[in-house]
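A.B. asks: Prediction below, plus the sequence it came from.
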Amino acid sequence: MTLRRPSPLDGRKPTKDDLARVDTTAPDGVDDVLPEDPDERLRLLIVGVNPGLWTAAVNAPFARPGNRFWPSLHRAGLTAHQIDASRGLSAEDERHLLTRGIGITNLTGRPTVRADQLSRDELRVAGQRLVERAAVLRPGAVAIAGITAFRTAFQLPKAVLGEQDPATVPGWPVDVPLWVVPQPSGLNAHESIDTLAAKWRAVWEVSGG
């Protein structure tokens with residue numbers, strides 16, 4: 001298991017002052033959830049767009065209360081219990097994810113209030129970096145949570161949700177299925193926990209055992 005930094009807030013939820021102190025220039029605002037052993041293969045690598053301020057403040061993925069990521073992951077059956085990362089990701093929950101073969105990273109680690117505050121060039125560089133990481137990690141599948149960021153990162157303005165053709169992404173390893181799932185933020189009114197869970201189940205089935 002990776003040596004993740006503990007939540008700098010010692011298990012409490014961030015205040016407005018804590019959020020205001022988040023460094024929005026830092027390239028690594030939140031640690032990845034990835035195996036320490038590079039030979040340990042992941043079943044599914046989940047890729048967020050970038051950390052929000054709450055996520056960066058507690059150093060835990062998809063941590064903001066109201067984000068439907070963790071409830072939908074549990075409802076889909078990918079986790080045995082619903083993880084609460086709002087105060088940080090516990091070592092036990094990190095072990096649970098990795099035991100299930102689930103890794104989590106972001107296109108870019110720079111925190112912002114909103115994902116649309118990332119520049120096009122920033123996302124395109126991040127997309128190329130993900131291609132390189134996918135070639136090294138070789139997970140059973142990669143799922144990017146955010147169609148708008150995906151379109152920008154890979155210059156595919158007509159891409160739609162669901163499984164992607166690897167041939168449209170230069171350098172993408174052809175044996176690694178690539179999916180795009182909806183952004184799970186509570187601001188995405190087009191999705192519910194149930195609809196998100198259905199999409200996670202579809203990716204999970206493709207990712208294999």
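C.D. replies: Perfect, thanks for sending it.

A.B. asks: longest helix anywhere in this protein?
C.D. replies: helix 120-137 (DSSP state H).

A.B. asks: so what strands line up beside the following helix or strand past it?
C.D. replies: Counting by DSSP states H and E, the next helix or strand C-terminal to helix 120-137 is strand 142-145. Applying DSSP bridges, strand 142-145 is found paired with strand 44-48 (parallel), strand 178-181 (parallel).

A.B. asks: For residue 98, give me its contacts.
C.D. replies: Taking CB atoms under 8 Å, 6 or more residues apart in numbering as the contact definition, residue 98 lies against 1, 33-35, 40. Backbone N, C-alpha and C define where each C-beta goes, glycine included.

A.B. asks: now the angle between strand 44-48 and the longest helix of the chain, please.
C.D. replies: Computed with axes from the mean of the first three to the mean of the last three CA atoms, to 10 degrees, the direction of helix 120-137 lies at 170 degrees from that of strand 44-48.

A.B. asks: I'd like the average pLDDT over helix 120-137.
C.D. replies: Helix 120-137 carries an average pLDDT of 96.

A.B. asks: Mind giving me the packing neighbours of that helix?
C.D. replies: Applying 3 or more CB pairs under 8 Å, 6 or more residues apart in numbering; DSSP states H and E, one finds that helix 120-137 makes contact with strand 44-48, strand 142-145, helix 147-153.

A.B. asks: Let me have the ones you listed in JSON lines, adding mean neighbour count, mean pLDDT and distance to residue 77 as columns.
C.D. replies: As requested, the helices and strands packed on helix 120-137 are exported to JSON lines (neighbours: other CB atoms under 10 Å; pLDDT from 0 to 100; distance: least, CB to CB, whole Å):
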{"stretch": "strand 44-48", "mean neighbour count": "26", "mean pLDDT": "98", "distance to residue 77": "12"}
{"stretch": "strand 142-145", "mean neighbour count": "25", "mean pLDDT": "98", "distance to residue 77": "15"}
{"stretch": "helix 147-153", "mean neighbour count": "22", "mean pLDDT": "96", "distance to residue 77": "24"}
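
A.B. asks: how about the helices in the protein?
C.D. replies: Using DSSP H, helices in the chain cover 16-20, 53-58, 69-75, 91-99, 120-137, 147-153, 193-207.

A.B. asks: Now distance to residue 6 too, for the ones you listed, in TSV please.
C.D. replies: What follows is these, written out as TSV (distance: least, CB to CB, whole Å):
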stretch	distance to residue 6
helix 16-20	15
helix 53-58	10
helix 69-75	19
helix 91-99	9
helix 120-137	24
helix 147-153	28
helix 193-207	28
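
A.B. asks: ranking those by burial, who's on top?
C.D. replies: Sort these by mean neighbour count, taking mean count of other CB atoms under 10 Å, and helix 53-58 sits at the top with a mean of 25.

A.B. asks: contacting residues around that one?
C.D. replies: So helix 53-58 is contacted by 7-9, 13-14, 18-19, 21-24, 26, 29-30, 61-65, 85-88, 111-113 (CB under 8 Å, 6+ apart).
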